[in-house]
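> fold the following for me, if possible:
(one chain, ligands or ions: 1)
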Amino acid sequence: MRIDVITIFPDYMAPLREALLGKAIERERISVGVHDLRGWTHDVHRAVDDSPYGGGPGMVMKPQVWGEALDEVCAGSDSPPRLVVPTPAGSPFTQQTAVRWSEEPWLVFACGRYEGIDQRVMDDAARRMPVEEVSIGDYVLVGGEVAALTMIESVVRLLPGVLGNPASAEQDSFSDGLLEGPCYTRPEAWRDLPVPDVLRSGNHAAIDRWRRYQALERTWQRRPDLLEALSDDELDRADRAR
Ligand SMILES: N#Cc1c(-c2ccc3ccn(Cc4ccc(CN5CCCCC5)cc4)c3c2)n[nH]c1N
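Next up is the predicted model:
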């Protein structure tokens, strides 16, 4: 997978070179390009923003600069990339989105700042590539970089050979519709807090049932909305785990 990120704060993307993602680059599972949007400005002030038509707070990112940047970064391949534009007004980014994008050969992330990017940039790009405007959650950030890092990490960890233990991705929260339950490791007792006996019983059928029930209970307590999305037979299967 090829990943390109366009931003006015390229140093914000430094974590891409660390740890799991850094290893994925070293192992050539992914190639990552980070591009400074100001490289496509032509004025002495290297301006990337301007006042919003129709008034309102803040500034809007100029279409000309973004247009030239996307023309160059998204060129040079038989098939165009999927353009991902983080925005508070985007469709929800979910684990299902990450799974879908993990099949993509090339993702380009356009990280806006200020009040966002002139809409014509996305409309023009959609003439020659798939464009998705997505949000990572119902809270407001200052720009798209943190959202891009979040989405890139959740996609790259799904690629073969990236996670040390691929089973981990298969047992992700949300992958079976439920949150995962609590986890424990040594010592058996810590500050008078024990590890649940069933986890030390060696009875794997009982352990699986316990974990399934814990996941169901936690989901019910913290994310009842996820239970509404579960089909009846999935709920029955979870019930049988009690
Ligand atoms: N993904 C994601 C995000 C983002 C995100 C992503 C990309 C950019 C680019 C710029 N910003 C800042 C910003 C903040 C608020 C508003 C809304 N306006 C506020 C003033 C009145 C009018 C409407 C717009 C732009 C961004 C924020 N935030 N939260 C997510 N889940």
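
> my read is E133 is in a strand, agree?
Yes. E133: assigned to a strand according to DSSP: H, G, I helix; E, B strand; the rest coil.

> my read is that it contacts A89, right?
Yes. E133 lies in contact with A89 (CB atoms under 8 Å); the separation is 6.9 Å. From N, CA and C alone the C-beta is placed, and that goes for glycine too.

> who's more crowded, the two?
Neighbour tally, E133 and A89, criterion other CB atoms under 10 Å: the higher count belongs to E133, 18 against 9.

> show me what contacts that one?
Residues in contact with E133 (CB atoms under 8 Å, 6 or more residues apart in numbering) are 85-87, 89-91, 122.

> from V60, how far out is it?
Here the criterion is CB to CB, to the nearest Å. By it, E133 lies 15 Å from V60.

> what's the answer for E180, then?
Separation of E180 from V60 (CB to CB): 41 Å.

> do the same with P88
14 Å.

> tell me the pLDDT of the residue lying closest to D49 once chain neighbours are set aside.
Using CB to CB, 6 or more residues apart in numbering and skipping residues adjacent in sequence, the residue nearest D49 is M59, 4.0 Å away. pLDDT recorded at M59 is 98.

> is M59 in contact with E115, as I believe?
Yes. Between M59 and E115 there is a contact under CB under 8 Å: 6.4 Å.

> excluding its backbone neighbours, what's nearest P63?
Nearest non-adjacent residue to P63, counting by CB to CB, 6+ apart: D118, 4.1 Å away.

> distance of the one you found relative to the ligand?
Using CB to the nearest ligand atom, to the nearest Å, D118 is found at 12 Å from the ligand.

> for the protein, which residues are neighbours of the ligand?
Residues of the chain lying close to the ligand (CB under 6 Å from any ligand atom) are 57, 86-88, 90, 112-113, 115-116, 135-137, 139-144, 147.

> filter the residues you listed down to the ones in helices?
Mapping the residues of the chain next to the ligand onto helices (DSSP state H) picks out A147.

> pLDDT weak spots in this protein?
For the chain, applying pLDDT under 70 flags the ranges 166-175, 234, 237-242.

> skip ahead from the longest helix belonging to it and say which helix or strand is next.
As assigned by DSSP H, the longest helix anywhere in the chain is helix 204-222. On the C-terminal side of helix 204-222, the nearest following helix or strand under DSSP states H and E is helix 224-229.

> for that next one, list the C-alpha coordinates in PDB.
This file holds the C-alpha atoms of helix 224-229, laid out as PDB (Å, rounded to 0.1, in the frame of the first residue of the first chain):
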ATOM      1  CA  PRO A 224     -25.900  -0.300  23.900                       C
ATOM      2  CA  ASP A 225     -26.100   1.100  20.400                       C
ATOM      3  CA  LEU A 226     -23.800  -1.700  19.200                       C
ATOM      4  CA  LEU A 227     -26.300  -4.300  20.500                       C
ATOM      5  CA  GLU A 228     -29.100  -2.800  18.400                       C
ATOM      6  CA  ALA A 229     -26.900  -3.400  15.300                       C
END
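
> give me the element V155 is part of.
Using DSSP H and E, V155 sits within helix 145-156.

> and that helix, how far from the chain's centre?
Computed by CA atoms, centre = their mean, to the nearest Å, the chain-centroid distance of helix 145-156 equals 4 Å.

> most remote residue from the chain's center?
The C-alpha centroid of the chain is most remote from D192, which lies 38.0 Å away (CA atoms, centre = their mean).

> tell me how the chain divides into domains.
2-156, 171-241 (automatic domain parsing).

> among the ones you listed, which is the most enclosed?
Highest mean neighbour count among the domains of the chain (mean count of other CB atoms under 10 Å): domain 2-156, with a mean of 16.
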